[in-house]
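Colleague: Just to be clear, the model below is a prediction. Sequence and coordinates:
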Amino acid sequence: MLIAIDGPAGSGKSAIAKKLSEILKVKYVETGALYRAIAYYILKNNIKEFGNFEFLRDIKLEQKFINQQARTFLNGEDITEKIRNEEIGNFASIISKYKEVREFLLDIQRELAKDGAILEGRDIGTVVLPNADFKFFITASVEERARRRYEQLKDKNKSYEEILEQLKQRDKMDLERSIAPLRISREAFIIDTTDMSEDEVIEEILRIINENLKVGTVISKEGKKLSVFSNNRTFMAIPRGKVIKKYERIYVGDIVIGKIENNMFVIEDIRERKNVLLRPPVANISKAILLFTIVEPEFVQIHLDKLLCAYEYYNVNSLIVFNKIDITPKEELEKIVKIYSECYDVVLISVKENYNLDLLKEKVRGDLVVLSGPSGVGKSSLIKALTGLDIRIGEVSQKIKRGTQTTTEVKLYPIDNETLIIDTPGFSKLDLKLIMKKEDVRNCFREFKNYKCAFRDCLHIKEEGCAIREAVNEGKINILRYESYLKIIKEFDLA
């Protein structure tokens, strides 16, 4: 049995993993100690320039299960007690952001777990053991975590306020690091321990294991036929009667809890949705790839600006991607990228030339991604490149340079065990009036958020002294983006 336990610093995951290990008689691997061991080696040997990581060749790490306890050995020396201090813990968080360190430890962790184990850390369920039998994310409020840590360190002259600030900084580092950030696996059972005792947490975890519950994602829906993706497998799925009664509708993207019976995923419940989009009808989107081209088909700015507006309204982070850069005039590309790059992440790719696709994969790793854009920009071919699935791709008409639409149904495709992408029908017109009110539009242009208008209900159209109009006149807000805003507002007035 492989059990992955993730969570932020101070959440109690180590104590819980150790106790589960004793109860289930399964080996406990303390992955955090491995990072601490490398931090200890750097500090002990006073290594100032460790960026090339050549010293990793001189390190041999082992973890042995002795007297029901995981002991960490560095080059044959038991350092278990020596790595238990705040300095090493904080430094371990710093070095953990380096790709070389994570890759060095990845094989070690998997080797330690090969015969069954409980592993706890920050990226166990998402990176180290993506196919674990059970995944848990143990969390608690930062205030409660600081209180617990304070109780542990009372004799070390640290105030509660100091510990609270350290945990906040640690959380920030773990969440924002570019390599394997702290992230909740979509297949994890989330347990908030703020108001729970350790025994209550253990009891809940054992209940889930004993009932053999699983978490999955609805990846397709055709009439009453459902498919669920769980543990890197796709199952036909049926909801229990209680689920049908409780929920009016099941959406593609729903995260579901259930059991696998006779090779069928039986849905017992649906996790609370983060959002629900109307077009396409899909739930829990965490990122949008807005795929466009400058040529073939020609770039239409208002189409992109409307999509940005729509996803901003749904609080979905947008990633602007320009395809076919191998046939795009450089000056034209640079001009358009400049319009958006100050407020949005922009990635330039060529699906045909396999250019920057690895970068794109990294930017959406762990997300449920919606892929939007006009017909002909290469949405289906991009999904094929990212997933390896043979999806039908439309030819671009030489006469009108518009793609033949190939996407007729809503379906999620796995990029990996943690990342899913959904294709959407190409569009000729996006009607924002079906999504939001006119007054909402001003809050969906990121450039406007840097300026505070003196007028409470200002629509930034003709009001004298409007901070947004002044920023446009001073060149601080791009005039083309502002013109798109005015066009969108005008569409509402014409309704």
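Modeller: Everything's here; your move.
Colleague: Packing partners of the helix or strand containing residue 209?
Modeller: Following DSSP states H and E, one finds residue 209 within helix 198-210. Applying 3 or more CB pairs under 8 Å, 6 or more residues apart in numbering; DSSP states H and E, we find helix 198-210 packed against helix 13-24, strand 134-139, strand 189-192. Glycine gets a C-beta too; all of them are placed from N, C-alpha and C.
Colleague: Run through the stretch 1-150 of the chain and note the low-pLDDT ranges.
Modeller: Low-confidence segments of the stretch 1-150 of the chain (pLDDT under 70): 68.
Colleague: Which parts of it are helices?
Modeller: Under the criterion DSSP state H, counting those that start in this stretch, the stretch 1-150 of the chain contains helices at 13-24, 31-44, 86-95, 99-113, 142-152.
Colleague: Can you say which of those is packed in most?
Modeller: Comparing those by mean neighbour count (mean count of other CB atoms under 10 Å), helix 31-44 comes out on top with a mean of 22.
Colleague: Report all helices and strands that that one contacts.
Modeller: Counting by 3+ CB pairs under 8 Å, 6+ apart, helix 31-44 packs on strand 61-66, strand 69-74, helix 86-95, helix 99-113, strand 117-121.
Colleague: I'd like to know which of those is closest to residue 168.
Modeller: Closest approach to residue 168 among the helices and strands packed on helix 31-44 is made by helix 86-95 (12.6 Å; CB to CB).
Colleague: Okay, angle between the closest one and helix 142-152 too, please.
Modeller: Counting by axes from the mean of the first three to the mean of the last three CA atoms, to 10 degrees, helix 86-95 points 140 degrees away from the direction of helix 142-152.
Colleague: neighbouring contacts of helix 86-95?
Modeller: By CB atoms under 8 Å, 6 or more residues apart in numbering, the residues outside helix 86-95 that reach it are 9, 32, 35-36, 38-40, 42-43, 50, 101, 153, 158, 166, 170, 173-174.
Colleague: got TSV for the helices and strands packed on helix 198-210, with distance to residue 296 too?
Modeller: Formatted as TSV, the helices and strands packed on helix 198-210 follow (distance: least, CB to CB, whole Å):
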stretch	distance to residue 296
helix 13-24	51
strand 134-139	43
strand 189-192	45
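Colleague: right, so of the ones you listed, which gets closest to residue 238?
Modeller: When the helices and strands packed on helix 198-210 are compared by CB to CB, strand 189-192 sits nearest residue 238, at 21.3 Å.
Colleague: for the record, mean pLDDT for that closest one?
Modeller: Confidence over strand 189-192 (mean pLDDT, whole number) is 96.
Colleague: which helices and strands sit right next to that strand?
Modeller: For strand 189-192, the contact count by 3+ CB pairs under 8 Å, 6+ apart identifies strand 134-139, helix 198-210 as packing neighbours.
Colleague: Paired strands for it, with orientation please.
Modeller: Paired with strand 189-192 in the same sheet, following DSSP bridges, are strand 134-139 (parallel).
Colleague: just the angle between the helix holding residue 209 and helix 13-24, please?
Modeller: Orientation check (the same axes, to 10 degrees): helix 198-210 against helix 13-24 gives 60 degrees.
Colleague: from the middle of its chain, how far away would helix 198-210 be?
Modeller: Put simply, helix 198-210 sits 26 Å off its chain's centre (CA atoms, centre = their mean, to the nearest Å).
Colleague: Not counting its own residues, what contacts that helix?
Modeller: 3, 12, 15-16, 19-20, 23-24, 134, 136, 138, 189, 191, 193, 196.
Colleague: What is the helix or strand just after that helix packed up against?
Modeller: Once helix 198-210 ends, the next helix or strand along the chain (criterion: DSSP H and E) is strand 214-222. Counting contacts by 3+ CB pairs under 8 Å, 6+ apart, strand 214-222 packs against strand 225-230, strand 233-239, strand 255-261, strand 411-416.
Colleague: tell me which residues of the third one are tucked away?
Modeller: Buried positions in strand 255-261, judged by neighbour count with 16 or more other CB atoms under 10 Å: 255, 256, 257, 258, 260.
Colleague: residue contacts, residue 378?
Modeller: Contacts for residue 378 were tallied using CB under 8 Å, 6+ apart; they are 291, 293, 323, 324, 351, 393.
Colleague: where's the dip in pLDDT among those?
Modeller: Taken together, the contacts of residue 378 show their lowest pLDDT at residue 393, with 46.
Colleague: hang on, the earlier thing: tabulate the helices and strands packed on strand 214-222 (a markdown table), appending distance to residue 112 and mean pLDDT.
Modeller: A markdown table is the format used below for these (distance: least, CB to CB, whole Å; pLDDT from 0 to 100):
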| stretch | distance to residue 112 | mean pLDDT |
| --- | --- | --- |
| strand 225-230 | 25 | 94 |
| strand 233-239 | 25 | 95 |
| strand 255-261 | 27 | 96 |
| strand 411-416 | 22 | 89 |
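Colleague: Residue 245: which of those is closest?
Modeller: That would be, of the helices and strands packed on strand 214-222 and by CB to CB, strand 233-239, which comes in at 9.6 Å.
Colleague: what residues are up against residue 443?
Modeller: Counting by CB under 8 Å, 6+ apart, residue 443 has contacts 312, 313, 449.
Colleague: which of those lies closest to residue 416?
Modeller: residue 312 (27.1 Å).
Colleague: In TSV: the helices of the stretch 1-150 of the chain, plus distance to residue 470.
Modeller: TSV is the format used below for the helices of the stretch 1-150 of the chain (distance: least, CB to CB, whole Å):
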stretch	distance to residue 470
helix 13-24	51
helix 31-44	50
helix 86-95	43
helix 99-113	45
helix 142-152	40
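Colleague: and the helix holding residue 209 with strand 214-222, angle?
Modeller: For helix 198-210 against strand 214-222, the angle by the same axes, to 10 degrees is 50 degrees.
Colleague: So for helix 198-210, mean pLDDT?
Modeller: 96.
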